[in-house]
Every structure is written in C-alpha cells, then in structure tokens.
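> Requesting a structural model of the entry that follows:
(2 chains)
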Amino acid sequence: MSVKDVLGRHFSAHRQTDVLSGRVRLGLVVAGVIAVLFAPFAQMVHPFWMDLVTHMFIFALFALSLDFVFGYAGLLSFGHAAMFGAGGYAAALLIQEVTASALLVLPAAVIVGALVAALIGWLSVSARGIYFAMLTLAFAQLFYTIAFNDIPAMLLGVESVTNGDNGLVGITSLTLFGMDTGSLMSYYYLSLGILAGMLTLVTRLANSPFGRVLQAIRENEDRVAFIGYNVDRYKVVAFTISGGMAGLAGGLWVPVNSTATTSMLHWTTSGELIVMTLLGGMGTLWGPIAGAFLVVFLEDTLSSIGNWEIYLGIVYIVIVIFAPRGLSGLFQTVRANPNPKVLLGKVRSALATYRKKVFV
Amino acid sequence: MVLEGVARTALLGIEMGMTLVLITVGLTLIFGMMDVINFAHGSLYMLGAYFGLAIVSVTGNWWAALLLAPLLVGLLGGMIEYFSIRPLYGRNPLYHILLTFGFAIMLHGLVTEIWGGQVQNIATPAVLEGSVDLVLFSYPLFRLFLLGVSVVVTLALWIAIRRSDFGIVMRASAHDSEMVGALGTDVNRVFTAVFILGAVLAGLAGVLLGTARAVDPGMAASVIIQAFAIVVIGGMGSYRGAVVGAFIVGMLNAFGPMFAPEFTDALLYLLMAAVLLVKPAGLFGNPEAA
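Residues are numbered from 1 along each chain as shown, chains lettered A, B, ... in the order given. A predicted model of the protein is given here:
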C-alpha cells in the first residue's frame, strides 16, 4: 500500500465521522417536512398520489432494512423477501383472526420478521460473499414454496393457513387507538411516521460502536476477528435487526393492498429490493430510500405510457453503466461541481471511458 | 405397473436434466470466469423459444428455427456482453446484478409487448410427431429427439472443453484470467466468446423446450432460479458440476411429483442450502474460490 493510500484512508476516515453528514440530515428534515405538507395538498388535487407515496414510504423502509446489512455490514442478502413476506403473512393472519390494532399487529410483524431473519442469519453468516447471497436465496425460496403449497396447513391438519397460490385476501386496514387508518391520509401519516422513526433508529445504530464494528466487518472481517470481535454474532444481530424492519415493511404493506400473496416472498421481490438499494447508492441510508421512491414512481408512471418493464430495465442499465454509485453518487457529483460546464465535461469523460472500455 | 412408471419417470428425469444442462452451462461458465451473476440468462432461454416461435410462424420450417433462433440469441448475448457487461469488468461484481436484472425486466417487457402474455407452443415438426414403443412404455418421439440433441451437445462440449485449444484457454482464464492475459491472450475476447456460447445453448434449449412444453413470458423467471440451484449444487464455474447438478435436479423434478408433489420445490431449495452449508464450493467447484 502506498503512502498516498494510507493518507487517503486516514483523511477519509476523518471526513466520514458520521454516517449521515449534517447537510444530508438537514436535507432529510426538509424532505420530511415536505412529505408532511404533501398530504393535504394531494387531498385537494389528486388523492391517489397519497396512495402512491404511501407505497414509496413502505418500500423505502424495506430498502432501508437491506441497506443496514448490505451497505453497512457488507452482507448481500438475496432473501429479504422472506422477512417481508413473513411479516406480511403474520400481519394478515392477526388482522383476520385476532385484532386489527396497529399496536399489536405491527410489533408482531417485526418479531416474526426478526425471528425468520435470526434463523436464516444464524445458518448463513459463516458463508461469505456470493455464497451468503445464494444461501439466503435458497432459504427465502424455501419460505416461498412453504407458503405456495400451504405446507403449514398440511402440518397442522387444517384447511388453510397461507391459502396457497391465492394468498390471503380481504385484509382490513389497521386501527390505531381505536381509530380506523383505512383512509388514504391516515395511512400515509402512519407510514411516514414509521419510516422517519426507523431512519432515525438506523442512523443511531450505524453511528454507534455497534455500527462501527459492522462497517469494519464490511471492510475486512478477518482483521475484526483478529482484534477479538465475534464477527458471526455481530452479523447475526445485524441481520436480525434488518429482518425486523423488513417484517415491519411487510406488515405495513399488507393492509394497503388488503392481500398477502406469495409474490411478497418470491425471489423477484428480493431482487427488486437489491436493485432499489444499488440504484440509490448502497451504504448511504438515504440513497436506497431515494432508490425505492424512484422505482415505485417509475413503475407507476411508466405503466401509463405502456409496458413499464421495458423502460425501467433501460433505466437500470443506463444508471449502472454511467452512474456507478447510483443516485447518491450522482447527487454528490452535482453538488461538488455546481458549474454546468464542469458537469458537461464529466458527462463527456464518462462517455469517453465507456468508449475506451468497450472498443479496446 | 410399478416398473413401467419408474422407468418412464426416470427417462423423463434424464430428459429434464439434460435440457437443464444446456441452460445451466452458460450460467456456470460465465460465473466461473467473470464472476458475473447473470440474471438475464433465463431471458436468453426465453428469447430462444420466442425467436423459434416467430421463425416457425414466418417460414413454417421448424428446422430453420432450430438452427437460426440459437444463433440470433447468441448474437444478442454477444451484444449484451460487449456493450454493457464489458464496461463493468473491474467493478464490484454486485453491479452485474443490477445490470442483468435490468435486462431481464426489459426483455420480459419486450416479449410481452410483442408476443403477448398468453401461453403458446411451437408446433412439432411432422417428422418428429408420434411416439415410439420402448418395450415397457411408449414415449413421444420429439422428447427422445430432444434428449438425443441435448446428450450430443453436452458430450461435444465436454470434449471441446477438455481437448480443444479454446477449451484450454477457457479453463485457464477461469482459473487465473490475469495470468492468461499476461501470456498474450485477449481475455476479453475469451469472455465474449464464452458468453455467446452460453447464449446459443440457452437459445437452443428455448427452441427445444418451447416445442416440447410451452412458451410464455414467465419461463425466464422460473428457469433461472432452478439454474442457480444447479450451479450452486454442482459448484460455480464447473462444467462437470453443471451436468451432475442438472441431472440431480432433473431427477428431483421427475420423481418429486410422484411421491410428494407439495415438497418437490422445497426439496430443491433444501438441497441447495444443504450443499452450501456443508460444501460451499459445491460438488465439483474449486474449493479455493469458496
């Protein structure tokens, strides 16, 4: 390692003392205020927008859960759909059979998500890199087939638990302190509040000594193990926390759609989540939130133009080739060089690099 | 007749396994050499089926489809590698997930837009219609043809990888691409060639299975996950592993529904997880890579 590298690391370590810098935090607070003010505005103009933004909030929460293990601990989970779906099914069953109280349903979704994550994590963390990804994928698909074939019903000897391919339908909305959250606006604020709370929690966790160890594991887990940390235990705990959040996102998602379906558990859901996280910029917390917003927004708007998948696919391809660090990287480049001429030069050099790499 | 049923199912398993080999070979070689997790590989298989469908409907000649569709898929695969995967070499292989996922979504959308979402089927050529009497049971002739083609291609490829100069360069690149580059071989070209080879094989499987079974936009997503399971079970990057893994999964697919239809898929993923837990490099993978 050259002297320059060492100095570079030293300085970058000083620059990144906090996971979210002061300016980003300010930006997030402003975004939060805008989000709070948006609902009454949407109510007047087009109430459907609230529904769309609520979807964004829930997927942002889901993406945040992945970024915590993927961006911070470096664990590429290809099985987050398992926790999302488990939380969702738990919420659906509770609402159908027991109570619709958010104070019971949502914590239950968190606990179920965390339990599933603890199990998967405990079995998987000793595998590294792509092997971890493949293990989590296998376990998540296992959960998918269990729900798809309604194996719980078979084991318990009852007619139906997950209701197989059809899923659980007709799930009513949550109640909070005796109030129904069925209206667009109340659910909007409920999801926004939970997202804001979880973002605060994750930021705290990421900046805590615990979060520092996770970052160190991402950078070099052998060294962390040599110092004497139990790397696997840290990974399992991080994965469990992340799973709890994914379960919460699932629990919030089910009442919005009034269904819990096997597609929540399907591997494409995990894949889409990774795409959101990479698209926004992993390891930045706000990036994956922005990525989730963008994907949900594009899926909705593009579907009015025609077949959204075609355009969304092209967006992914272009971004990954020309903006390697995702939306957050783009944003940082623009902020660092506000001069449009410089930016144009950057675009040109990006194209030149592409040409050079392709036509060597 | 128990014996008859078992024999018939075993043949079905071999057939399923051999066609899965065609789909998996590209995936495992590409992963072994370039660390690219290619989610678009299932889409290339799907495109093979749709190209076949289109060629048959235009020319009315199934043999033209069998020949041309894989070549078209190979061309497309080569373009994908050349224009989008190549610029990403040297970056974290994670980004290939985003890229190939983008292609998978885009191709799914395109196919649905052009051919619609309904389930279709490529008409079996007249010569290959009917069934053959195999003493214990009769079996569709086309299925036997499918099996024969897959076996011949698999064997030919095995010999090519073992014996030909290109096969040697390929295996060397999988082992240490930097060293091969230093010795004067253009590794990027080897990568492109392997990608095209994988795409052609996937396209071939698409035409064959599109005729034997069905053509629909969902075929990409359902096959890719099986292919991943096979790659993991056999060992990432190992040709022999892909063949053995595909054989195991084919048998599981054939016999599973006989004994426990609800648990067939679960068994596949349990097997995948078990291999990863006990022997992360897979049955024939390179343990150093794990």
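> going forward, measure contacts between C-alpha atoms and count neighbours the same way
Noted.
> now the strands: where do they sit in chain A?
For chain A, applying DSSP state E gives strands covering A:168-169, A:175-176, A:179-180, A:259-260.
> Indicate which one of the ones you listed is closest to chain B.
strand A:168-169 (19.0 Å; C-alpha to the nearest C-alpha).
> Check which helices and strands the closest one sits against.
strand A:259-260 (3 or more C-alpha pairs under 8 Å, 6 or more residues apart in numbering or on different chains; DSSP states H and E).
> mean pLDDT for the strands of chain A: which is lowest?
Mean pLDDT is lowest for strand A:179-180 among those, at a mean of 72.
> Who does that one pair with, and is each partner parallel or antiparallel?
Sheet pairing of strand A:179-180 (DSSP bridges) gives strand A:175-176 (antiparallel).
> which residues are in contact with the strand it pairs with?
Residues outside strand A:175-176 that contact it (C-alpha atoms under 8 Å, 6 or more residues apart in numbering or on different chains) are A:Ala100, A:Ser101, A:Ala102, A:Leu103, A:Thr181, A:Gly182.
> Just give me the neighbour total for A:Pro107.
By other C-alpha atoms under 10 Å in any protein chain shown, 17 other residues sit near A:Pro107.
> Quick one: residues contacting A:Met83.
For A:Met83, the contact set (C-alpha under 8 Å, 6+ apart) comprises A:Val112, A:Gly113, A:Ala114, A:Val116, A:Ala117, A:Gly243, A:Gly244, A:Ala246, A:Gly247, A:Gly250, A:Leu265.
> Return the closest of those residues with respect to chain B.
A:Leu265 (13.7 Å).
> how many neighbours does the closest one have?
Other residues near A:Leu265 come to 30 when the count uses other C-alpha under 10 Å.
> so it touches A:Ala140, yeah?
Yes: taking C-alpha atoms under 8 Å as the definition, A:Leu265 is a contact partner of A:Ala140 at 7.0 Å.
> Could you name every residue contacting both of those two?
A:Ala81, A:Ala82.
> related to what we said a few turns ago, sort out for me which of the contacts of A:Met83 are in helices.
Among the contacts of A:Met83, DSSP state H puts A:Val112, A:Gly113, A:Ala114, A:Val116, A:Ala117, A:Gly243, A:Gly244, A:Ala246, A:Gly247, A:Gly250 in helices.
> For the first one, the count of nearby residues, please.
Per other C-alpha under 10 Å, the neighbour tally for A:Val112 reads 27.
> contacting residues for it?
A:Met83, A:Ala86, A:Gly87, A:Ala90, A:Gly244, A:Gly247.
> gap between it and A:Met83?
As judged by C-alpha to C-alpha, to the nearest Å, A:Val112 and A:Met83 stand 8 Å apart.
> Return the set of residues that bridge with the nearest residue to A:Phe177 once chain neighbours are set aside.
Leaving aside its sequence neighbours, A:Phe177 sits nearest to A:Ser101 (C-alpha to C-alpha, 6 or more residues apart in numbering or on different chains; 7.6 Å). Beta bridges link A:Ser101 to A:Thr175, judged by DSSP bridges.
> Phi first, then psi, for B:Arg213.
Torsion angles at B:Arg213 (phi, psi; degrees, to the nearest 10) stand at phi -120, psi -110.
> Repeat that for the one 4 residues further on.
With angles defined as degrees, to the nearest 10, B:Pro217 sits at phi -60, psi -20.
> Now for it, how many residues are close by?
Residues near B:Pro217, counting by other C-alpha under 10 Å, number 24.
> What score does it have for pLDDT?
Reported pLDDT for B:Pro217: 92.
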